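> coordinates only, sequence not included:
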């Protein structure tokens with residue numbers, strides 16, 4: 001009888017272990033189960049967050065200058081210039097999500113995903129819109145080169161409004177899916193953790209698709225540039241700037257989103273377990289990985305102003321006039337080039 005009871009208990013224990021294993025493995029897209037105690041997660045992230053602080057400060061001024069010179073210059077009024085300025089403004093709003101993260105990180109506070117969603121609501125919207133604008137600006141430049149005559153006849157306000165509406169609709173769709181899949185699992189509220197589960201899978205998946213589309217569009221822009229009859233200095237500068245665009249973009253947003261995609265496949269942010277009186281939350285490891293995966297995207301957000309200054313005749317002059325306190329004038333030469341780590345435009349002078 002004793003042996004039979006021991007056998008039953010052993011079988012029951014094995015069944016429990018197998019059941020727990022199946023529970024872990026049945027979590028969507030989870031291949032491994034890695035954990036990180038809160039104390040270690042906070043310790044690592046406090047050091048890793050230093051680069052975020054630097055990008056917030058630099059990005060605020062760099063993107064702020066783009067917005068200001070666009071507002072001041074009457075020669076930066078094309079749809080592309082306006083979209084670039086809006087994108088810079090969205091990058092500034094995105095950086096405010098890092099300030100939210102800093103607060104919870106340095107106070108060592110964990111909050112539910114359902115609360116993080118609302119804390120990061122505006123920064124997440126800005127991040128979604130700026131990603132959509134990357135593609136929109138690329139398409140705008142392609143259409144400008146491919147259908148130059150028709151492009152000049154399009155009403156600027158209507159055209160710009162339609163582009164922005166499409167970007168906002170994309171954000172609204174992601175937000176709805178994200179809201180429907182929220183949980184109360186605790187998390188250190190990084191900007192990417194405004195979503196969880198299927199919501200984050202949808203967000204990461206669409207971001208990767210958009211980023212790949214941007215690279216494809218700029219490849220086609222380069223092909224169109226080869227058809228230009230003008231072989232002047234400014235046209236050649238634009239071609240070189242396109243290489244800069246693809247380089248920074250590939251190692252920026254695209255790299256970050258691909259890393260997040262791999263992270264989504266490998267592990268999960270669901271649930272927790274307790275061992276030796278310590279609670280190990282799965283989100284701790286995920287957020288820590290997201291922090292370092294975001295290095296590329298955050299650096300890419302502060303790059304545009306510097307690429308503008310180095311590669312663009314129009315923006316170079318605009319920056320110089322701005323700091324001298326004068327009015328921004330036109331650029332000389334047959335072509336004035338404006339290019340950034342995410343966009344480029346050509347203005348016939």
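It's in. Quantities reported herein were computed from a predicted structural model and do not represent experimental measurements.
> domains of this protein?
Here the domain parsing of the chain from automatic domain parsing is 1-30, 31-348.
> stretch 310-329: how far from the chain's middle?
28 Å (C-alpha atoms, centre = their mean, to the nearest Å).
> circling back to that earlier point, deepest of the domains of the chain, which one?
domain 31-348 (a mean of 18; mean count of other C-beta atoms under 10 Å). Any C-beta I mention is one placed from the backbone N, CA and C, and that applies to glycine too.
> pLDDT of that domain, averaged?
Domain 31-348 carries an average pLDDT of 79.
> give me the nearest residue to residue 244, chain neighbours excluded.
residue 307 (6.0 Å; C-beta to C-beta, 6 or more residues apart in numbering).
> against residue 210, how distant is the one you found?
According to C-beta to C-beta, to the nearest Å, residue 307 and residue 210 sit 20 Å apart.
> repeat for residue 287
For residue 287, the distance to residue 210 equals 23 Å [C-beta to C-beta].
> same deal with residue 98?
Using C-beta to C-beta, we find residue 98 at a distance of 22 Å from residue 210.
> can you give me the strands for the stretch 151-300 of the chain?
186-187, 272-275, 278-281 (DSSP state E, counting those that start in this stretch).
> show the subsequent helix or strand relative to the one helix or strand residue 95 maps to.
Assigned by DSSP states H and E, residue 95 belongs to helix 79-106. Counting by DSSP H and E, the element after helix 79-106 in chain order, helix or strand, is strand 111-112.
> which other helices and strands contact that next one?
Contacting strand 111-112 under the criterion 3 or more C-beta pairs under 8 Å, 6 or more residues apart in numbering; DSSP states H and E are the following elements: strand 186-187.
> which secondary structure elements does the strand it packs on sit against?
strand 111-112, helix 282-293.
> how about 10 Å then?
strand 111-112, helix 113-119, strand 278-281, helix 282-293 (3 or more C-beta pairs under 10 Å, 6 or more residues apart in numbering; DSSP states H and E).
> out of those, which is closest to residue 215?
helix 282-293 (18.5 Å; C-beta to C-beta).
> report the angle between that closest one and helix 79-106.
If you take axes from the mean of the first three to the mean of the last three C-alpha atoms, to 10 degrees, helix 282-293 sits at 130 degrees to helix 79-106.
> tell me how far helix 282-293 lies from the chain's centre.
That offset, for helix 282-293, works out to 16 Å (C-alpha atoms, centre = their mean).
> who are the packing partners of it?
helix 38-48, helix 50-72, helix 79-106, strand 186-187, helix 255-266, strand 272-275.
> could I get these as a markdown table with distance to residue 135?
Formatted as a markdown table, the helices and strands packed on helix 282-293 follow (distance: least, C-beta to C-beta, whole Å):
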| stretch | distance to residue 135 |
| --- | --- |
| helix 38-48 | 29 |
| helix 50-72 | 19 |
| helix 79-106 | 11 |
| strand 186-187 | 29 |
| helix 255-266 | 13 |
| strand 272-275 | 38 |
